[in-house]
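Chemist: Structure, please.
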Amino acid sequence: MTQPQQPSPGVPTPMAAPQARPSRSAPLIPHWIVVVIAGGLLVAYMTANNFTGGEAVGVAIILGIGTIVVLVIRALVRLGDKRPAPIVVNAVVAQAPPGWYLDPQGVTRWFDGQGWTEQVQPLR
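Modeler: Purely as a prediction, here's the structure:
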C-alpha cells in the first residue's frame, strides 16, 4: 500500500483568450417605425388644430434642432464608450490523481481520479 496523499490545493487555471463583446439585441420596435408614427401623430394634431403654414414650419424647425441635439449627444456617448471586452475564463477543474487519501472517518479511502469509491483501509 502506498502512503496516503493529501489532495493538492487549487491549481491555477489557464486563462482563455478574450472573446468579443456580444452585439446589442435589436429593439422591440425599430426606430424608424417610431419616427413615422410620431410624425403621423404630429401632422394629425397640427391639422386638427388648424396650424398655419408658418406655425408648421416653426414646429418643424424646433423638432429638427431637437433631433440634431439628440443625435450629437448619442454620438458623443458612443465615442466615449471605451469599455474593454469582457474576459471569459473557462474554468478547468483540477482533479487529484488516483490514490489512497485520508478520510475524516479515520481511514484511507481510494480516489479513482473521478470520484470516491467504497474501498477503504485502516490507517497504518
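
Chemist: what helices or strands is the longest helix along the chain leaning on?
Modeler: In terms of residue count, the longest helix belonging to the chain (DSSP state H) is helix 53-80. With contacts taken as 3 or more C-beta pairs under 8 Å, 6 or more residues apart in numbering; DSSP states H and E, helix 53-80 sits against helix 31-48. All C-beta atoms are positioned from the backbone trio N, CA, C, and that covers glycine.

Chemist: about what we covered before: can you spell out which helices and strands pack onto the helix or strand following the longest helix of the chain?
Modeler: Note on helix 53-80: by DSSP states H and E, the next helix or strand toward the C-terminus is strand 99-102. In terms of contacts (3+ C-beta pairs under 8 Å, 6+ apart), strand 99-102 is packed against strand 107-111.

Chemist: Could you list every helix and strand that the strand it packs on packs against?
Modeler: strand 99-102, strand 116-122.

Chemist: quick one, it and strand 116-122 angle?
Modeler: Interaxial angle of strand 107-111 relative to strand 116-122 (axes from the mean of the first three to the mean of the last three C-alpha atoms, to 10 degrees): 150 degrees.

Chemist: Flag every buried residue along strand 107-111.
Modeler: Going by neighbour count (16 or more other C-beta atoms under 10 Å), the buried part of strand 107-111 is 108-109, 111.
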